[in-house]
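>>> sequence first, predicted coordinates after that:
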Amino acid sequence: AQSVTQLGSHVSVSEGALVLLRCNYSSSVPPYLFWYVQYPNQGLQLLLKYTSAATLVKGINGFEAEFKKSETSFHLTKPSAHMSDAAEYFCAVSKSGNKLVFGAGTILRVKS
Amino acid sequence: DAGVTQSPTHLIKTRGQHVTLRCSPISGHKSVSWYQQVLGQGPQFIFQYYEKEERGRGNFPDRFSARQFPNYSSELNVNALLLGDSALYLCASSKRSARDYEYNEQFFGPGTRLTVL
């Protein structure tokens, strides 16, 4: 069975600092991996996805993530945090994109 | 192009009642999936429908049911509501129902916030 673990339910960074949100997955087969962002009272917006092409994936709003099979990780990073990045972030895994298995989420707070 | 739309946006029900949530997929998309997101948790998969047939079901009780119509819109029905059914219900559409290892991107709607009192 597939599962996702997001380390840290809350992460706080200063504006301009590096953002690092951690995601580890458990999957018996090479998966598809996703990061979604959710702003308050809104649905999910896809930030980026890994679909077995390049292991370093670039997404929207300056975010990127690196697939590391040996570590079963897919951490999300952004070099410089902006106030508008404050939101909840979800890592998800799927064998095809049909049934997404989500982590519990990480709330990112950006301090001015 | 319009994205995935859901109605209503908010809903308040009491325990024991029944609720119907609606979803219209992106034009040209034939698959709809439903997810439940309880406050403080990640979304959980409930159902997937493709071409009006159920293609996947998550670990939810039989009180939860869904259907897809010829125009590919979908309804999620929940009977005998419990307090624990209070959640944001998300609908996602995709072009098709992919086989395993065949990528199929889902696009999410804004959700319906259900509160059960």
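Noted; the coordinates are in hand. Numbers count the residues shown, from 1 in each chain, chains lettered A, B, ... in the order given.

>>> hang on, residue B:84 in a helix?
Yes - assessed by DSSP: H, G, I helix; E, B strand; the rest coil, residue B:84 belongs to a helix.

>>> need the contact list for it.
Each residue near residue B:84 by Cβ atoms under 8 Å, 6 or more residues apart in numbering or on different chains is listed here: B:38, B:116. C-betas here are computed from N, CA, C, even on glycine.

>>> what's the separation between it and residue B:36?
From residue B:84 across to residue B:36, the span is 10 Å (Cβ to Cβ, to the nearest Å).

>>> and residue A:70, what are its phi and psi?
Main-chain torsions, residue A:70, degrees, to the nearest 10: phi -60, psi -30.

>>> what's the per-residue pLDDT of it here?
You'll see residue A:70 listed with a pLDDT of 89.

>>> close to chain B: what parts of chain A are there?
Listed as neighbours of chain B in chain A under the rule Cβ under 8 Å from any Cβ of the partner chain: A:4, A:29-30, A:32, A:36, A:41-46, A:49, A:51, A:90, A:92, A:95-105.

>>> are any of those buried, and which?
Among the residues of chain A next to chain B, those classed as buried by 16 or more other Cβ atoms under 10 Å in any protein chain shown are A:4, A:32, A:36, A:43-44, A:46, A:49, A:90, A:92, A:95-103, A:105.

>>> tell me which of those residues fall in helices.
Secondary structure from DSSP state H places none of those in helices.

>>> give the rounded mean pLDDT of stretch A:18-27.
Taken as a whole, stretch A:18-27 carries a mean pLDDT of 94.

>>> pull out the buried residues from that stretch.
So stretch A:18-27, judged by 16+ other Cβ under 10 Å, has buried residues A:19, A:21-25, A:27.

>>> among the residues of chain A next to chain B, which ones are in strands?
Assigned to strands by DSSP state E, the following of the residues of chain A next to chain B qualify: A:4, A:32, A:36, A:44-46, A:49, A:90, A:92, A:101-102.

>>> which one of these is nearest chain B?
Ranked by distance to chain B (Cβ to the nearest Cβ), these are led by residue A:102 at 3.3 Å.

>>> could you count how many residues lie near the nearest residue to the closest one once chain neighbours are set aside?
Leaving aside its sequence neighbours, residue A:102 sits nearest to residue B:42 (Cβ to Cβ, 6 or more residues apart in numbering or on different chains; 3.3 Å). A total of 22 residues lie near residue B:42 under the criterion other Cβ atoms under 10 Å in any protein chain shown.
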